[in-house]
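**Q** let's see this in three dimensions:
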Amino acid sequence: RGLASVYPRAAVLQGPAARVDEVLRALEGAGIAHLAAHGSASAQTPMLASVRLEDGPLFAYDAERLSRAPRVTVLSSCWVGGSVPASSGAPLGMAASLLAMGGTVVVAGVLPVSDHGIGAAMLGFHRALRAGVAPARAVADHLADAGFICYGTG
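**A** All right, here's what the predicted structure looks like:
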């Protein structure tokens, strides 16, 4: 809700509307997507990294159902920014899946994210993006201290 001042025409899915299939439809080819949800990840099963939505988890492997991922995806969730190499050396995980499906940038938490403490920093990050600041610079300026990293070329 706090991002409405930055993106007044954005589609907002929350509560009962934030279901896996609906979120995947909204992510399809979006310019910027922001998911704020509880996250989980495991080094043993990186494709089961997930964000918890109204009807259950949206997993990393679900992101691979997209024909085109959002250009920029922000995962405001604990732990989902990590990746683990497959035996081939290719990275596996939520961020890796979004990038593999055509995303340009993924900003994600690699540590616990404070639900109450991240709002102002995230708003500053999105305002910087909207003003034309490169995603990696915006993460460094607003989110790095909160455990977020930036993947991709933004």
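**Q** all strands of this protein, in order?
**A** 32-36, 39-40, 50-53, 56-59, 72-76, 84-85, 91-92, 105-109, 148-152 (DSSP state E).
**Q** for the last one, packing partners?
**A** In this structure, strand 148-152 packs against helix 94-100, strand 105-109, helix 135-142, with contacts taken as 3 or more CB pairs under 8 Å, 6 or more residues apart in numbering; DSSP states H and E. C-beta here means a position set from N, CA and C on the backbone, and glycine is covered the same way.
**Q** that one vs strand 105-109, what angle?
**A** Counting by axes from the mean of the first three to the mean of the last three CA atoms, to 10 degrees, strand 148-152 lies at 160 degrees to strand 105-109.
**Q** roughly how far is stretch 131-150 from the heart of the chain?
**A** Its chain's C-alpha centre and that of stretch 131-150 lie 13 Å apart, by CA atoms, centre = their mean, to the nearest Å.
**Q** pull the residues that contact that stretch.
**A** Stretch 131-150 is contacted by residues 72, 81, 105-114, 117-118, 121-122, 124-125, 128-129, 152, 154 when judged by CB atoms under 8 Å, 6 or more residues apart in numbering.
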